[in-house]
Structure formats: C-alpha cells, structure tokens
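J.: The following block contains a protein sequence and its predicted model.
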Amino acid sequence: MVDAWQVDPADNVATLLRDVAASDQIALADRSISAGAAIPRGHKVALVPIALGAPIIKYGFPIGLARRAISAGDHVHIDTVATALSGTDEYRFSASPGAVRLVENALSFKGYMRRDGRVGTRNEIWILPTVGCVARTAQRIAARASARHAGSVDGVHAFVYPFGCSQLGDDLAGTRRILAALATHPNAGGVLIIGLGCESNQLDALIAEVPQDRRAMIRTMIAQLSPDEIAEGEAHVDALVAQAAQPRTTVGLDKLVLGVKCGGSDGFSGLTANPLVGRMSDQVAGAGGRVLLTEIPEIFGAEHLLMARARNQAVFDRVGQMVNDFKRYFLAHGEPVSENPSPGNIAGGITTLEEKSLGAVQKGGTAPLVDAIGYGEQVKEPGLTLLEAPGNDAVSSTALAAAGATMILFTTGRGTPLGAPVPTVKIASNSALAAAKPGWIDFDAGAVLQGGIDHAADALLARIIAIASGELTAAERNDEREMAIWKRGVTL
C-alpha cells in the first residue's frame, strides 16, 4: 500500500494519502523516502531534490517554481513554491483534434421533452424577479404555491438576486441575458416573471429577448400595478401548473446537458473527483450530448491543454481571447492574475493557481473543444463547450444553468451546501468529507483511491441517470437553490 500518489512519471512531487510525522517512512510505488517534516494528507512531498528556481512538476506540468532548494521528503507548499503566472499570453494554433468520437450505447434517462426538442431533468415552475426589490414578493408567492401544488409539478421555486436596477450598459445587459436564458430553461415547465415597474431592467425589454416560441410558457406581472401582487402571482402560478403537467419520457443520453464545476477543492480533487467527472463528460459528449466547462480564472496555467483540443482556429482564438480578457480584468483592478487558490484550497493542499487549474480542467474530459461562448449565451453544439464566467461558485453555477445545463456535477474537497437552479450533484474528492457531511454529498469519489476509477465511473454514471430521471440531490432535499449574477459595472 503506497502512502503517496505520483500522478505522472515526470512529477517531482507526490500527494500524500495519509498524515505523516517528521522522519516517517513514506512508501512509494518503487521505494520509500523519509519525511523531512510533519505533512498533512492531501499535501505534496518532494520525491527528489529540487534546486532553487527549478519547476515543481505535478500532472506532468509545472505548477510553480521552487523558492529555495528542496530536499527529497520535504513538504512542498506555499512557503517553498512561487507561481510563474504574471500577465497575458500569446497563443499559437497548431492542429485541430477533429470531431467528437460518438459511441453507440443504450444509456437513457427519463426526462421532460419540450417543444423545441430540448429535454428537462425537472418539471418545475420558476419565479424570476426583474429586480431585487420584488425578490421577497417572488419568494412569498413560491412558498404559498409550493404547498398547494405539491405533487402536481416537481416544485415551485423563486430565484432571486439583488440587482436589476441602478445598472447601465453591458452590466444591465448581462443581467437581462441571464434572466432571459433562465426563463427559457427546459427544467422550467412554466415561468412567472415579476417586475416592480420603475426598475432599469424593464419587463418589456426582458421579454423581447425571449424567443417567440418559448413565450407561451411565460406569464408576467408588474407589482406596482397590482392591487394584490401575492394573489395575482398565485393565480399565475396556478395557470402555469395546469399548463405544465406532463409525464417523463425515456430519452437517450444525447439529450443531457451537463455543467461541470468545482468548489472548495483540495489536494485530492485533481486525483479523484475531477478526473472522475471527466469520465462523465466523455460519456455524455460521446453519446452526442452537451457538456459545459466554466470558471475561466481557474484554468489559468492550464488553458493550453484545452486549447490544444480546440476543433478549429476560431474556437482556439475565442478561448485565448477569453483567458486574456479575464487576466486584463484582474490587472485593470490592480489585482494579480494568480490571486488564487483560496484559504480553504491552501489548507487542503493546493499551492498555486497552476496546480488548481491543472486539476480543474480534468473535469472537461478528453473530447475536442467544440465551442467557446460568452457569459449569458446558451450552448449550441454537441460536445464540450467552454463558458465565460468567473470562479465564484454561485455565479458560475447560475451561468451554467442559464447556458442550458440541466444538471451540474460539482466536485468539492472541503464541502459546501450550495445548490443551483438545476440539480447540483455534490461529488466529494475524499471519503472523509463524504462520511462527515452525508447531508451535503451525493457521491464519494474517494472510492477512486480504493477501487480504481473504472468502478467509480460506472457507479457515478448510474447515479447521474437516476438523478436526471427524478431522484433528488442532497441540495434539493435541503431546499438549497440559489442564483447569482456577475455584476461588472458601476452601481448608480
């Protein structure tokens, strides 16, 4: 039994699978080394001496540079490693990897077929306010309607946020795009949009962004013009519930749209949960389905791996532009591009943004990258698509839902109760978290360390199909459903 996991033969560090004390012998696959200090599980140990300024190699790629000479057995972490990230980069397109390899399989789930051909994993009524001023109104209507319509639909939910007024230009347009996209989501059998009346995000302008063929399942109201906005809202929901009633239908895996993201990552995330989700991405893409990868600031230092899989130069160039635009966004605000990982990531063993990114991009699997889309845009192509959004969990999860994800696979090493507008499957990177927080976690990817990734992949795929067919996630059972909008402009 080994005590440390060396991901790639070229790596000069390995991740510890247990806590070690100073002078403990650390068993490797072919030898053992003596620990130079106490090192927590999930953190890195040097396998060989590393000179000052030399690259630290993990996943077969540099994750930073040695701040000092490091001896074999030393703890390799923030006091010994410096990031090599600084500013923007130039990228050169080489060869295209070709098309996604489609694989015939009999996998299916039971979903809700919509008129436009998309398939929902839920049949819910969503209530969306145009502005934060009527957020509580939306929540009150949802609470009263939920009790009355339990069993008729999969739920009645209000998704609220504090914006919609005092916004200008592109900032207001971004809020409107997200709301218009959510209003047409296939998991919503009906949508009530509530306006206040005087806000910047005017109801008419919002509805104008909704495709004509989707407006039949949307109702609207303006609170300032209603003698009793709660009663009127409930009446709208009653009508939407009656209109939304339909059974589940068996459909192929090609109808699934997966969003993949991570939050509260640790040193095991890139070893277990993220590559496991990568297997799911390849399964769905190979079946002809769609997969969305986001969190652009958390691919810095690993973007070359995704760009090498771009199916053509146009996609390659969009990814390069997206990454550099995000870097300029940080630099324009006086922030370094490498101000990541978070305190929780560091405590869990992640040292630099390069290390975090190399682990994170594994969620996208190995399929060609078919598209790169902007914030608020919707997925168009079967296969893997990169979506512009920040790393913030609530903002990026909402962006994935707005882009069309009907389920999100969310890997975590530290744990979080957060849920998104769509079913959010929490996948623990380590078994200790899964055991400690069973009320948060849906799947234990720590099983990869014991039984290998193949068995874990089969089990996770079965769980995904069950959840897509109606089984509730932990977040759904806990009524954890949130949305957040990326606000980039001034507030009036």
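T.: All right, it came through fine. Residues are numbered from 1 along each chain as shown.
J.: C-alpha only now, for contacts and for neighbours.
T.: Noted.
J.: Give me the phi and psi angles of Ala66.
T.: For Ala66, the backbone dihedrals (degrees, to the nearest 10) come out as phi -70, psi 130.
J.: Spatially central, which residue of the chain would that be?
T.: Residue closest to the average C-alpha location in the chain (C-alpha atoms, centre = their mean): Lys261, at 2.4 Å.
J.: Spatially, which residue comes closest to that one, not counting chain neighbours?
T.: Using C-alpha to C-alpha, 6 or more residues apart in numbering and skipping residues adjacent in sequence, the residue nearest Lys261 is Phe410, 5.1 Å away.
J.: quick one: the strand or helix carrying that neighbour to chain centroid distance?
T.: Using DSSP states H and E, Phe410 sits within strand 407-412. In terms of C-alpha atoms, centre = their mean, to the nearest Å, the centre of strand 407-412 is found 6 Å from the chain centre.
J.: Quick check: next helix or strand after that strand?
T.: Following strand 407-412 in sequence, per DSSP H and E, is strand 424-428.
J.: relative to strand 407-412, how tilted is that following strand?
T.: Angle, strand 424-428 to strand 407-412, by axes from the mean of the first three to the mean of the last three C-alpha atoms, to 10 degrees: 30 degrees.
J.: Tell me where the chain has helices.
T.: Remark: helices assigned in the chain by DSSP state H are 135-148, 169-183, 203-208, 229-244, 273-286, 303-307, 313-332, 343-347, 353-360, 393-402, 431-436, 447-451, 453-468, 474-477.
J.: of these, which approaches Trp486 most closely?
T.: helix 393-402 (6.0 Å; C-alpha to C-alpha).
J.: Would you mind writing the CA trace of the closest one as PDB?
T.: Provided in PDB are the C-alpha atoms of helix 393-402 (Å, rounded to 0.1, in the frame of the first residue of the first chain):
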ATOM      1  CA  ASP A 393     -19.500  29.100  -7.100                       C
ATOM      2  CA  ALA A 394     -22.900  30.800  -7.100                       C
ATOM      3  CA  VAL A 395     -22.200  33.000 -10.200                       C
ATOM      4  CA  SER A 396     -20.700  30.200 -12.300                       C
ATOM      5  CA  SER A 397     -23.400  27.700 -11.300                       C
ATOM      6  CA  THR A 398     -26.000  30.200 -12.400                       C
ATOM      7  CA  ALA A 399     -24.200  30.800 -15.600                       C
ATOM      8  CA  LEU A 400     -24.100  27.100 -16.300                       C
ATOM      9  CA  ALA A 401     -27.800  26.800 -15.800                       C
ATOM     10  CA  ALA A 402     -28.500  29.800 -18.000                       C
END
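J.: what helices or strands is it leaning on?
T.: Judged by 3 or more C-alpha pairs under 8 Å, 6 or more residues apart in numbering; DSSP states H and E, helix 393-402 is in contact with helix 169-183, strand 257-262, strand 407-412.
J.: Now do the longest one, average pLDDT.
T.: Averaged across helix 169-183, pLDDT comes to 96.
J.: For it, name the packing helices and strands.
T.: Packing contacts for helix 169-183, counted by 3+ C-alpha pairs under 8 Å, 6+ apart, involve strand 124-129, helix 203-208, helix 393-402.
J.: okay, the ones you listed in CSV with mean pLDDT next?
T.: Shown next, in CSV, are these (pLDDT from 0 to 100):
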stretch, mean pLDDT
strand 124-129, 98
helix 203-208, 96
helix 393-402, 98
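J.: Now render the helices and strands packed on helix 393-402 as TSV, adding distance to Val134.
T.: TSV is the format used below for the helices and strands packed on helix 393-402 (distance: least, C-alpha to C-alpha, whole Å):
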stretch	distance to Val134
helix 169-183	14
strand 257-262	29
strand 407-412	27
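J.: Of all these, which one comes closest to Ala4?
T.: Of the helices and strands packed on helix 393-402, nearest to Ala4 by C-alpha to C-alpha is strand 407-412, at 20.3 Å.
J.: strands paired with that closest one, and their directions?
T.: Using DSSP bridges, the strands paired with strand 407-412 in its sheet are strand 257-262 (parallel), strand 424-428 (parallel).
J.: pLDDT score assigned to the closest residue in space to Ala138 that isn't next to it in sequence?
T.: Leaving aside its chain neighbours, Ala138 sits nearest to Ala158 (5.7 Å; criterion: C-alpha to C-alpha, 6+ apart). The per-residue pLDDT reported for Ala158 equals 98.
J.: Ala158 pairs with what?
T.: Ile127.
J.: Would you check how far apart it and Gln283 are?
T.: Distance of Ala158 to Gln283, computed by C-alpha to C-alpha, to the nearest Å: 32 Å.
J.: How about Ala308?
T.: On the measure of C-alpha to C-alpha, Ala308 and Gln283 end up 20 Å apart.
J.: Comparing the two, which residue is more hemmed in?
T.: Gln283 (23 against 18; other C-alpha atoms under 10 Å).
J.: give the contact list for that one.
T.: By C-alpha atoms under 8 Å, 6 or more residues apart in numbering, the contact set of Gln283 is empty.
J.: Please report how far it lies from Thr272.
T.: Gln283 is 17 Å from Thr272, by C-alpha to C-alpha.
J.: what about the closest residue to Ile207 other than its chain neighbours, neighbour count?
T.: Distances taken as C-alpha to C-alpha, 6+ apart place Ala180 nearest to Ile207, at 7.1 Å, with adjacent residues excluded. By other C-alpha under 10 Å, 22 other residues sit near Ala180.
J.: just the one 3 residues further on next, same as before
T.: Burial measure for Ala183: 28 neighbouring residues, criterion other C-alpha under 10 Å.
J.: That concludes my questions; thank you for your assistance.
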